[in-house]
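*Asks:* Quick one: sequence and predicted model below, then my questions.
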Amino acid sequence: MATAQSYRRLLGAIRTKFAGDQTMLLGARAEVRTHFYNNAAATGVAQLAEMRGMADEAAMFLTQNLQQAKLQDSGTYRVTVGKEQMFKADGGAPEHLR
């Protein structure tokens, strides 16, 4: 059950980050699906916990560290930074974003 939650969390992060970019969305989903299917036979408790942790870490990385630029009509790209990406130098979120 926890593995399915990690899988869904990762797919949700992919869906959010690559919304509007069908190529990246499909590619990232295929990559995640391949990794999960390749490890479907894993049975060790420690091994499963490690793999779930890696999936959760990947979802967090996508959510907090990845921002996709969008092509504007003018031919330039624009990046909109969300509060998930705004951190102080010490690693904590600014007070007004907590």
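*Replies:* Everything's here; your move. Numbering: from 1, shown residues only.

*Asks:* Tell me which stretches of the chain form strands.
*Replies:* Counting by DSSP state E, the chain has these strands, from start to end: 70-71, 77-78.

*Asks:* can I get those in CSV with mean pLDDT?
*Replies:* Formatted as CSV, the strands of the chain follow (pLDDT from 0 to 100):
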stretch, mean pLDDT
strand 70-71, 84
strand 77-78, 88
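
*Asks:* would you list these in a markdown table and tack on distance to Gln5 and mean neighbour count?
*Replies:* Just so you know, the C-beta spots here come from the backbone N, C-alpha and C atoms, and that holds for glycine as well. Below are the strands of the chain laid out as a markdown table (distance: least, Cβ to Cβ, whole Å; neighbours: other Cβ atoms under 10 Å):
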| stretch | distance to Gln5 | mean neighbour count |
| --- | --- | --- |
| strand 70-71 | 30 | 10 |
| strand 77-78 | 34 | 10 |
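
*Asks:* outside of the helix or strand bottoming out on mean pLDDT in the chain, which residues touch it?
*Replies:* One helix or strand of the chain scores below all others by mean pLDDT, DSSP states H and E: strand 70-71, with a mean of 84. Applying Cβ atoms under 8 Å, 6 or more residues apart in numbering, the external contacts of strand 70-71 come out as 20, 77-80.

*Asks:* Just send the strands of the chain back as TSV, with distance to Ala4 too.
*Replies:* As requested, the strands of the chain are arranged in TSV below (distance: least, Cβ to Cβ, whole Å):
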stretch	distance to Ala4
strand 70-71	32
strand 77-78	36
